[in-house]
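Trainee: Provided below for reference: sequence and predicted model.
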Amino acid sequence: GAVVSQHPSWVICKSGTSVKIECRSLDFQATTMFWYRQFPKQSLMLMATSNEGSKATYEQGVEKDKFLINHASLTLSTLTVTSAHPEDSSFYICSARDGGGGGTEAFFGQGTRLTVV
Amino acid sequence: SQQGEEDPQALSIQEGENATMNCSYKTSINNLQWYRQNSGRGLVHLILIRSNEREKHSGRLRVTLDTSKKSSSLLITASRAADTASYFCATELYNFNKFYFGSGTKLNVKP
């Protein structure tokens, strides 16, 4: 299947700093990318959907000023956690699909474990 | 979860037995997909079933979909220790380009 690369795989940052997570589709053009957050032993919570060249669509309850998403090209989306706090510590996973329509599988990155100290 | 629930939350079986996981969702869907997640890692796509399909097979996997009951099941036959993982259903809502995940089933296959 297609490959989605997520970087970094883990990061530790100090409270109050910002952290950027990159999500790249390596062998296909990702019209749509998704960002999820997963707490320990829980399911994935969709944070936002981003389409190349347009603003991300955030799910209810997700602070768009805190979680900045940029999808500047068909192969790269970034999530920036601004002014991180310990409660932002979580596992963040991106996924991408080829094409804007539905009915196709999404390919997932390996996730980024963020720890805010 | 955002869209649905899975049961059981946890399942422990012996190698060689079959494992069945169920997923219920809330709204009309375009398709439903099953994913597998090994501890602390990304997800691997297993199978996709469209809303107009009732059953699909892929190797040892069998998925059913009942849109009238808004439910799906994943059957893994002749389970192996390597099947130990968390399994999630994901629904793509009708007319939306996004996936919502169920609460997941943690499967433990004992050798």
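Mentor: Here it is on my side, so go on. Given the structure is predicted, the values throughout are model-derived calculations rather than measurements. Residues are numbered from 1 along each chain as shown, chains lettered A, B, ... in the order given.

Trainee: every contact and neighbour count from this point should use C-alpha atoms.
Mentor: Noted.

Trainee: what about the nearest residue to residue B:82 once chain neighbours are set aside, helix or strand, and which?
Mentor: Counting by Cα to Cα, 6 or more residues apart in numbering or on different chains, residue B:82 lies nearest to residue B:109, which is 7.6 Å off, once chain neighbours are set aside. Here residue B:109 sits within strand B:105-110, counting by DSSP states H and E.

Trainee: kindly report the same for residue B:96.
Mentor: Counting by DSSP H and E, residue B:96 is held by no secondary-structure element, helix or strand.

Trainee: residues touching residue 9, list them.
Mentor: Defaulting to chain A. Residue A:9 sits next to A:110-113 when contact means Cα atoms under 8 Å, 6 or more residues apart in numbering or on different chains.

Trainee: think we crossed wires, I meant chain B
Mentor: Contact partners of residue B:9, counting by Cα under 8 Å, 6+ apart, are B:103-106.

Trainee: and what of residue A:14?
Mentor: For residue A:14, the contact set (Cα under 8 Å, 6+ apart) comprises A:84-85, A:116-117.

Trainee: which of those residues lies closest to chain B?
Mentor: Minimum distance to chain B across the contacts of residue A:14 is 17.5 Å, recorded for residue A:116 (Cα to the nearest Cα).

Trainee: quick check, the residue in chain A closest to chain B?
Mentor: Taking Cα to the nearest Cα as the measure, chain A has residue A:110 as its residue closest to chain B, at 4.0 Å.

Trainee: circling back to that earlier point, what about the residue nearest to residue B:82, neighbour count?
Mentor: A count of nearby residues for residue B:109, using other Cα atoms under 10 Å in any protein chain shown, gives 21.

Trainee: for it, give the beta-bridge partners.
Mentor: For residue B:109, the beta-bridge partners under DSSP bridges are residue B:13.

Trainee: and residue A:46, by the same measure?
Mentor: In this entry, residue A:46 is beta-bridged to residue A:36, by DSSP bridges.

Trainee: same question, residue A:77
Mentor: According to DSSP bridges, the residues that bridge with residue A:77 are residue A:23.

Trainee: can you get me a residue count around it?
Mentor: Counted with other Cα under 10 Å, the neighbours of residue A:77 add up to 27.

Trainee: pretty sure it contacts residue A:22?
Mentor: Yes - at 6.1 Å, residue A:77 counts as touching residue A:22 under the criterion of Cα atoms under 8 Å.

Trainee: now which of the contacts of residue B:9 would you call buried?
Mentor: Neighbour counting over these (16 or more other Cα atoms under 10 Å in any protein chain shown) leaves B:103-106 as the buried ones.

Trainee: residue B:42: which of the contacts of residue B:9 is nearest?
Mentor: Comparing the contacts of residue B:9 against residue B:42 with Cα to Cα places residue B:104 closest, at 14.0 Å.

Trainee: which residues touch the closest one?
Mentor: Residue B:104 sits next to A:42-43, B:5-7, B:9, B:86-89 when contact means Cα under 8 Å, 6+ apart.
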